[in-house]
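Q: what's the 3D shape of this:
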Amino acid sequence: MKNTLSKSTTLAFFLLALIAAFSNSSFAQSPLKWRQAQHLDTGIQSSVVVLPSGLVVEFHRSENSNSKIWYHIGTVRQSFLGEYSVGWGKSQPIEYVGERPSVAITKEGYVVLVCTRFTYTGYKGTVMRYFVGQLNPAGDEKQTIQWRVKDALFDTGQFAKIVFNSNGVLVEVHESGHNSGLFYRIGHLANPNQDDFTLVWDSTNGNNGVNYDNGANPTVSVNDQNQLIESHQQRAGAGYIDYRRGTLGQSSISFASPGTTYDNSGVVVEAAATMGARFVKGVVVSRTGILNSDPTFVNWSDSVDIGWDGWPGAEPSVATDGTVAVAIWTGADKLFYAIAPLQ
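A: Down below sits the predicted model:
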């Protein structure tokens, strides 16, 4: 069963971060208190991860026509007065051209990056490629990612989003390049301890994705209790976003239907871009929700503005380590970020 996330605003794009460390539902019904947005860099199409150590990793595409992919590494800092910020390192290129990068990182520091490539031979459309690298999760913002796998093909399609939980399980969702629906995969890294960094797919369809719905621009988040929430636009450019809850299995996802229950205590953090009444400049908004005993539903708080430089292409990305949430979005070909404590 699907639920519509918004009916009153035009949501250009959004991403959810799912946490299992909180059981206080009253907290989940209150929006976060975001610090004022800060300028980070130029670029578009950002994706962000926050590790339990407080390391923040962000990938984005160049705003130029060359479409090269760059990344920043940062660290979460807390002032004497208790205010949080991110100390960012320099922008670093991976010397690769791609669209809509998405990043996921294990607690051990294994980095998986996926992106879309347009091709005019062979597949006659779009293909999705992946990279695997390594960093020190306890290190600082001055380090660089050491790449172990570069430019490996894993499917046709476009606009993939990926996420790891702490058990090393990778979930990937993407949009078909031929308007045939939305697909998911479940996988893991083969054996990085033995220098085998290839992705192994455990889904019931093997190397093929599992068709689970129709729509555009899907995103997904999963926690260590295998609770999953997926969201997508009803169609490309649509102002309505649907979300679904599910349970992650070893090789498949069971999306919830009425009558099933969860034993969980999860908080959801959402960031979205909306035009609203401010037609010239868009707004980036955020709200929180609680996963309750109704397996098809999330109880949402009110929305709060976290930035005024969101445009229809803002495509905000949000991530959390259970202590803070970090959101990054695009405004006029520039990257902005904001940070908020979760308690």
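Q: what helices or strands is the helix or strand containing Gly307 leaning on?
A: Using DSSP states H and E, Gly307 sits within strand 304-310. Secondary-structure packing of strand 304-310 (3 or more CB pairs under 8 Å, 6 or more residues apart in numbering; DSSP states H and E): strand 266-274, strand 282-291, strand 324-331, strand 334-341. For every residue, glycine as well, the C-beta is placed using N, CA and C.
Q: Give me the distance from it to the chain's centre.
A: Distance, stretch centre to chain centre, for strand 304-310: 18 Å (CA atoms, centre = their mean, to the nearest Å).
Q: What of stretch 32-49?
A: Per CA atoms, centre = their mean, the centroid offset for stretch 32-49 relative to its chain is 13 Å.
Q: start to end distance for it?
A: 18 Å (CA to CA, to the nearest Å).
Q: average pLDDT across that stretch?
A: Averaging the model's pLDDT scores along stretch 32-49 yields 93.
Q: In that stretch, which residues are buried?
A: By 16 or more other CB atoms under 10 Å, the buried positions in stretch 32-49 come out as 32, 34-35, 37, 40-49.
Q: Show me where the stretch 201-343 of the chain dips below the pLDDT cut-off.
A: Applying pLDDT under 70 to the stretch 201-343 of the chain flags the ranges 206, 237-239, 256-266, 274-282, 309-313.
Q: ah, wrong one, I meant the stretch 1-150 of the chain
A: In the stretch 1-150 of the chain, residues with pLDDT under 70: 1-29, 120-124.
Q: Could you measure from the residue lying farthest from the centre of the chain over to Gly98?
A: Outermost residue of the chain with respect to the C-alpha centroid, by CA atoms, centre = their mean, is Phe80; its distance is 30.7 Å. For Phe80, the distance to Gly98 (CB to CB, to the nearest Å) stands at 41 Å.
Q: Likewise for Leu32?
A: Using CB to CB, which is the criterion applied here, Leu32 is 31 Å from Gly98.
Q: Kindly report the same for Val149.
A: The value you get for Val149 to Gly98, if CB to CB is used, is 15 Å.
Q: Among these two, which residue is more densely surrounded?
A: Under the criterion of other CB atoms under 10 Å, the comparison of Val149 against Gly98 puts Gly98 first, with 22 against 16.
Q: my read: that one touches Thr116, true?
A: Yes. Counting by CB atoms under 8 Å, Gly98 touches Thr116, with 6.3 Å between them.
Q: Report the beta-bridge partner residues of Leu291.
A: In this structure, Leu291 bridges to Gly266, Val298 when assessed by DSSP bridges.
Q: and it, how many neighbours?
A: The burial count for Leu291: 25, using other CB under 10 Å.
Q: Kindly report the same for Ser67.
A: Ser67, neighbours per other CB under 10 Å, totals 17.
Q: Quick one: the helices in the stretch 51-200 of the chain, in order.
A: Ranges of helices in the stretch 51-200 of the chain, per DSSP state H, counting those that start in this stretch: none exist.
Q: Just the strands from it, written as ranges.
A: Applying DSSP state E, counting those that start in this stretch to the stretch 51-200 of the chain gives strands spanning 55-61, 68-78, 84-88, 92-97, 99-105, 110-119, 125-134, 146-156, 158-164, 170-175, 182-191, 196-201.
Q: Among those, which comes closest to Tyr212?
A: Nearest to Tyr212 among the strands of the stretch 51-200 of the chain is strand 182-191 (5.6 Å), distances taken as CB to CB.
Q: List of residues touching the closest one?
A: 106, 110, 112, 132, 155, 157, 168-176, 196-203, 209-215, 218, 220, 230, 232, 248-253 (CB atoms under 8 Å, 6 or more residues apart in numbering).
Q: that older thread, could I get the buried residues of stretch 32-49 in TSV, plus columns for distance to Gln343 and secondary structure?
A: Formatted as TSV, the buried residues of stretch 32-49 follow (distance: CB to CB, whole Å; DSSP: H, G, I helix; E, B strand; the rest coil):
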residue	distance to Gln343	secondary structure
Leu32	10	coil
Trp34	14	coil
Arg35	15	coil
Ala37	21	coil
Leu40	25	strand
Asp41	29	strand
Thr42	33	strand
Gly43	31	coil
Ile44	32	strand
Gln45	31	strand
Ser46	25	strand
Ser47	25	strand
Val48	20	strand
Val49	20	strand
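Q: Understood, closing this out.
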